[in-house]
Structure formats: structure tokens, C-alpha cells
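Engineer: Here's a sequence, model it:
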Amino acid sequence: MENPLLLFPQLNTSASKDKPYYKVMKSAIKEEPHKASKSGSVSPEEAVKWGESFGKLLSEKAGLDAFTKFLKTEFSEENIEFWIACEDYKNSKSAHELLPKAKIIFKTFIQKDAPKEVNLDFHTKEATSQSIGQPLRSTFDAAQSTVYRLMEQDSYPRFLSSALYRSLLQGRAPARAPLRRRSRSFTVSDFQGARPDFTLR
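Structural biologist: Reported below is the predicted structural model:
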């Protein structure tokens, strides 16, 4: 089994974000050149645009970063991590990368009792698992769409009403949000030292 930190180095929580492999994540995210975020600052005008649509929020580096921080307060960051991994997978430079990456995504996010299992219906999970042996760039499309819709309909509205987002609209640095327990059967020990940092700076 290939080392997941070599194929998906963004999963390495102890790695420095200054290293070149963090650039992998930027391939799926547009950053407007004239609005490049400096030291994480976001203009109220930028933040207002994120309220227009969920797609707009995820299409910008600073928006994705803010939404990821919000999901961490709800202990549901595995959803955005899965979405990012799927974007990275689809942008693989060669077909040879697909199989090892597909196996890691499946073992990390989809298989039963995966460490960061995302909420998928039985049909989608089965269809995805059957294509892992000979994966295509579209292998995770259905699962990614399911998780995208879940975030769009569930997490995104809560993000827009959160203190974190309101502070960005007012041009203030967001206060550190309190961590909220989510209604899933995890124990505190599941989260200790096991929350990778996907912030992109």
C-alpha cells in the first residue's frame, strides 16, 4: 500500500504549509490575483460574495479556508476534506496516479468504519466501491456530488448565520469559535490529535 502522505501530502497534519506539495491543493481553487489574501485578511466585499452561492464560496481560496474552519467547530470537516481530495484526484496528471489515490480516498472516507467516513447512501457507496479496482476520473463523482449537496443544504446555511461569517462581513478578524459537539457517535478521543489542517495560506 502506497504511503498516503506521499499521494495526498495535504493529509499530513505535521507538515509545514510552506512546502511545495501544498501547492497541489491550489489546482482546484481559483484565487483572484487582485484580491490575493494577505495574512488571511478577507474584505467584507469578498465575504458578501460567498453568500451568493455555495459554489462561489468554494471557488475561492479564502472562502474554502473560512468554511473549513467553520466545519471544524462542528467536527464535520471530513466532508470538505473528502471534497478537496476528490478535486485533487480528478486533477491527477496521469492515469497511473488514479489507482493508488482512489484506494486511499476509499479507505479514508468511504469504506465501512473509515477513519473519516462521510455520509453516503448505500447505492452510491456500492457503485463507488465496485469501480475502485479500475478507477476512472469520474469514479468519485456521484459520492462527491452527494457530499457537496449535503454541505450546501446543511452546513452552508449554518455557516452564513455563524459568528465567524458575520465577523468577516463586518471586516473583523473572526473570534475563535467554540467547538460544538455534533450528533454522531464519536468519542472525544476520536478527535484528539486527529484533525488535519486543510487551511491554505
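Engineer: Going by C-alpha atoms from here, please, whenever you check contacts or count neighbours.
Structural biologist: Noted.
Engineer: quick one: the helices in this protein?
Structural biologist: Per DSSP state H, the chain carries helices over the ranges 4-7, 44-50, 54-59, 61-73, 78-90, 98-105, 122-130, 141-150, 156-160, 163-169.
Engineer: of all those, which lies closest to residue 115?
Structural biologist: Among the helices of the chain, helix 78-90 comes nearest to residue 115, with 9.3 Å by CA to CA.
Engineer: helices and strands around that closest one, which ones?
Structural biologist: helix 98-105, helix 141-150 (3 or more CA pairs under 8 Å, 6 or more residues apart in numbering; DSSP states H and E).
Engineer: Tell me the helices and strands packed up against the shortest one.
Structural biologist: Going back to what we said before, that points to helix 98-105. Looks like helix 98-105 contacts helix 4-7, helix 78-90 (3+ CA pairs under 8 Å, 6+ apart).
Engineer: how far does stretch 131-146 stretch from start to finish?
Structural biologist: End-to-end distance for stretch 131-146, by CA to CA, to the nearest Å: 17 Å.
Engineer: Could you list the buried residues of that stretch?
Structural biologist: Buried residues in stretch 131-146, counting neighbours by 16 or more other CA atoms under 10 Å, are found at 132, 135-137, 139-141, 143-144, 146.
Engineer: do the same with stretch 83-98
Structural biologist: Buried positions in stretch 83-98, judged by neighbour count with 16+ other CA under 10 Å: 83-92, 98.
Engineer: Just the terminal-to-terminal distance for it.
Structural biologist: Chord length of stretch 83-98, first to last residue, is 16 Å (CA to CA).
Engineer: What of stretch 105-118?
Structural biologist: Using CA to CA, the end-to-end distance of stretch 105-118 comes to 11 Å.
Engineer: before we move on, what about stretch 119-136?
Structural biologist: Using CA to CA, the end-to-end distance of stretch 119-136 comes out at 22 Å.
Engineer: average model confidence for it?
Structural biologist: Average pLDDT, stretch 119-136: 94.
Engineer: can you list the residues that contact it?
Structural biologist: With contact meaning CA atoms under 8 Å, 6 or more residues apart in numbering, stretch 119-136 is reached by 98-99, 102-103, 106, 110-111, 139-140, 142-143, 146-147.
Engineer: Alright, that wraps it up for me.
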